[in-house]
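In: Need a 3D model of the following:
(chains A and B)
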Amino acid sequence: MFSLLHLCKKRKLYIIFTLLISILSIIITLYWNYELSQMINQVQVGIFITSTQIVVILILMIASALSQGGFTYLSGYAGEYLTHDLRMHLAQRLFTKKYYEVEQLNVGEQLSQLQNEVTEVSQYLIGNLFLLINDGIRFLFTFIWLLILDSKLAILSNLPVLVILIYVVFSSEVIESLTKQGQRKQQELNGFTDTLLTLFPVIRIYEACDLLQNRYYNKVEEWQQITIREEMTKARLMSLSAVLSCIPLILLLLVGGTLVIRGDISIGLVYMFINLSGNVSGVMMNMPGHIARLRRFIGNLNRILNEEEGL
Amino acid sequence: MEILLNKVTFTYGEKKILDEINLSVRKQEHVGILGSSGGGKSTLLKIIAGLYEITEGTCIVSGCQDLDSIRKQVAVVMQNTSLFPMSIRDNITCGHSMSEERISKAVEAAQLESWIDSLPEGIDSYVGERGGKVSGGQAQRIAIARAIAKDAPIILLDEPTSALDDETAKAVMLALENLTKGKTVVHVTHRVETLWDCDCIYDLRGGKLYDTKSKSSI
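Out: Numbers count the residues shown, from 1 in each chain, chains lettered A, B, ... in the order given. This next block holds a predicted model:
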């Protein structure tokens, strides 16, 4: 995690702006939902929707589109800058190495780092990191908003989120362990490929093709097995996570519905809770995948920044 | 003649690396080829090893002319660590079935016996990627053991001690003596002092092989 913070430090201004626009975007969404719930309540008691309300809704729609666009633009911009810094760091590290260290470098691993790890990290920085942050902000702001609106309903309907949280931690641990194994196997394979190329004359003269070919096939097979297991486990855990994330919605309908019938709360409020439940339990549902990707990213980043040896 | 090169020319792209090389090596003769970097000595060695196809001329090694057959007649020890990321045993046998006796003899002749005995997993110990778990001297001696185990009639040496310090090089030299005993040897180097046991020494400059010289003249 330290490596990520270290990387972000240089571009803190872009990151702060991205976070601010993400916060703005969620505030607009919450306000839009509030306006909708007010309109539903109005219609229920037979009051017409005013032209002012229509204008407000229109403004909110435009503001929402602009903030979404702004977030996508800024997060892409910040991600590109972070990737640039990372590539520069890697080049700088190679140039400043001692001759002895360069001689000891494994060409396969270095190429793997350039081709796979830097690409993966770049893709994550541009496409996932800010989405994860955005999800976190969405979760936090929505939950606080729901607590302000009706603390009892918010707590009751989101109580299962705690169970989901525990499950998320467990499942992400499982996925992470498999991801690490896969990365290790891939690294081994790259090193082995380097050996095949470097020692080509020796392999030919000593007729060691069969020996190396068998080992290579074994390594490819091991890597494939780990990758398949990782994907299968991910699919299994994510499906259960999706099922678990439906529980808050069911609770919301049960508890919220009862409260509406009793006249304790308005239908608009329940609508708003239902509409925003995705921001809480939906975010949780995607969390195992998010955390697994984040951990894979941190692992790659640490290796690139040379903070730890291997995995 | 064990090795016979007649007007061998080798070009790589437009560049002529070797130009009409004539070389004849008798059975069990030890020949040294002296040359500076880029002079073509490694290329010459690779031609004798059956790794490169010559552009012009004739190359006969142990009566063979096709590359596959030539490679069966030679064993090489290179300058840099040439170990596979496997066990010592795999590095010596290269995956071929070999009797324990043959492996032990190779280990002994390569001066590896006591070191291997001290290892918890013995000959099945992993040498690491690029031989990273063993020292430079041990790696070279494993490479020598591999060459001994192959029992080829021709031994090709490409500066096998140049990457080692003097002390380690001495220990490796002992192993090399055992490897080359009774064999035909072609040793390429840029250091004349390493050719002390050669019967004759050639000078390779600018892709041309010059007159045979006696060691004293050099």
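In: Phi and psi next, for the residue nearest to B:Leu34 when sequence neighbours are not counted.
Out: Residue nearest to B:Leu34 in three dimensions, not counting chain neighbours: B:Asp203, with 5.3 Å by C-beta to C-beta, 6 or more residues apart in numbering or on different chains. C-beta coordinates here come from the backbone N, C-alpha and C atoms, glycine included. In terms of degrees, to the nearest 10, the main-chain angles of B:Asp203 are phi -120, psi 120.
In: wait, doesn't B:Asp203 sit right on B:Gly35?
Out: Yes. Using C-beta atoms under 8 Å, B:Asp203 makes contact with B:Gly35 at a distance of 6.8 Å.
In: Residue numbers of chain A in contact with chain B?
Out: Chain A comes close to chain B at residues A:104, A:106, A:191-192, A:195, A:198-199, A:201-202, A:204-208, A:210-212, A:214-215, as judged by C-beta under 8 Å from any C-beta of the partner chain.
In: what are the ranges of the strands in chain B?
Out: Here chain B has its strands, by DSSP state E, at B:3-12, B:15-25, B:30-34, B:56-61, B:74-77, B:154-158, B:184-189, B:200-205, B:208-213.
In: Settle this for me: B:His190 is touching B:Ser37, isn't it.
Out: Yes. Using C-beta under 8 Å, B:His190 is in contact with B:Ser37, at 6.6 Å.
In: In terms of helices and strands, where is whichever residue of the stretch 51-200 of chain A sits closest to chain B?
Out: Of all residues in the stretch 51-200 of chain A, A:Gly191 sits closest to chain B, at 5.0 Å by C-beta to the nearest C-beta. For A:Gly191, the element it lies in under DSSP states H and E is helix A:160-198.
In: Over to A:Thr227?
Out: Assigned by DSSP H and E, A:Thr227 belongs to helix A:209-262.
In: Read off the pLDDT value for A:Tyr300.
Out: Rather than Tyr, residue A:300 is Asn. Confidence at A:Asn300, expressed as pLDDT, is 78.
In: Leaving aside the residues adjacent along the chain, what's closest to it?
Out: Using C-beta to C-beta, 6+ apart and skipping the chain neighbours, the partner closest in space to A:Asn300 is A:Glu117 (4.4 Å).
In: Show the contacting residues for that neighbour.
Out: Neighbour list for A:Glu117: A:Asn300, A:Arg303, A:Ile304 [criterion: C-beta atoms under 8 Å, 6 or more residues apart in numbering or on different chains].
In: Could you look up the SS state of the second one?
Out: Spelled out, it's A:Arg303. Judged by DSSP: H, G, I helix; E, B strand; the rest coil, the three-state class of A:Arg303 is helix.
In: From B:Ile201, how far off is the nearest residue to it once chain neighbours are set aside?
Out: Spatial nearest neighbour of A:Arg303, excluding adjacent residues (C-beta to C-beta, 6+ apart): A:Glu117 at 6.2 Å. From A:Glu117 over to B:Ile201 the distance is 50 Å, taken as C-beta to C-beta, to the nearest Å.
In: Quick check: which ranges of the stretch 1-150 of chain A have low pLDDT?
Out: The model of the stretch 1-150 of chain A has pLDDT under 70 over residues A:1-2, A:99-115.
In: residue boundaries of the helices in it?
Out: For the stretch 1-150 of chain A, the helices defined by DSSP state H, counting those that start in this stretch occupy A:2-9, A:12-44, A:51-95, A:99-104, A:107-112, A:118-127, A:129-149.
In: what's the answer for chain B, then?
Out: With helices called from DSSP state H, chain B shows them at B:41-48, B:67-73, B:88-93, B:100-109, B:113-118, B:136-150, B:166-180.
In: closest to chain A out of these?
Out: Among these, the nearest to chain A by C-beta to the nearest C-beta is helix B:67-73 (5.3 Å).
In: Output the closest one as CSV, restricted to C-alpha atoms.
Out: The C-alpha trace of helix B:67-73 is given here as CSV (Å, rounded to 0.1, in the frame of the first residue of the first chain):
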residue,chain,number,x,y,z
LEU,B,67,25.3,-30.7,-38.1
ASP,B,68,23.3,-33.2,-36.1
SER,B,69,26.0,-35.8,-36.3
ILE,B,70,28.8,-33.3,-35.5
ARG,B,71,27.0,-32.2,-32.3
LYS,B,72,27.0,-35.8,-31.1
GLN,B,73,30.9,-35.8,-31.3
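In: quick one: contacts of stretch B:94-111?
Out: With C-beta under 8 Å, 6+ apart as the criterion, stretch B:94-111 contacts A:206-208, A:210-212, A:214, B:89, B:92-93, B:113, B:116, B:123, B:141-142, B:144-146, B:148-150, B:171, B:174-175, B:178-179.
In: Buried residues of it, list them for me.
Out: B:Cys94, B:Gly95, B:Met98, B:Ile103, B:Lys105, B:Ala106, B:Val107, B:Glu108, B:Ala109, B:Ala110, B:Gln111 (16 or more other C-beta atoms under 10 Å in any protein chain shown).
In: that older thread, show me how to select, in ChimeraX, the buried members of the residues of chain A next to chain B.
Out: Here is the ChimeraX command that selects the buried residues among the residues of chain A next to chain B (16+ other C-beta under 10 Å):
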select /A:106,191,192,195,198,199,201,202,204,205,206,208,211,212,215
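In: so where's chain B shaky on pLDDT?
Out: By pLDDT under 70, the low-scoring segments of chain B are B:163, B:212-218.
In: Tell me the residue of chain B that sits nearest chain A?
Out: Nearest residue of chain B to chain A: B:Gly95, at 2.8 Å (C-beta to the nearest C-beta).
In: So which of B:His190 and B:Ser37 has more stuff around it?
Out: Each of B:His190 and B:Ser37 has its neighbours counted (other C-beta atoms under 10 Å in any protein chain shown); B:His190 has more, 15 against 7.
In: Now do the contacts for the more buried one.
Out: Contacts of B:His190 (C-beta under 8 Å, 6+ apart): B:Leu34, B:Gly35, B:Ser36, B:Ser37, B:Lys41, B:Glu159, B:Ser162.
In: From those residues, keep the buried residues only.
Out: Applying 16+ other C-beta under 10 Å to the contacts of B:His190 flags B:Leu34, B:Gly35, B:Lys41, B:Glu159 as buried.
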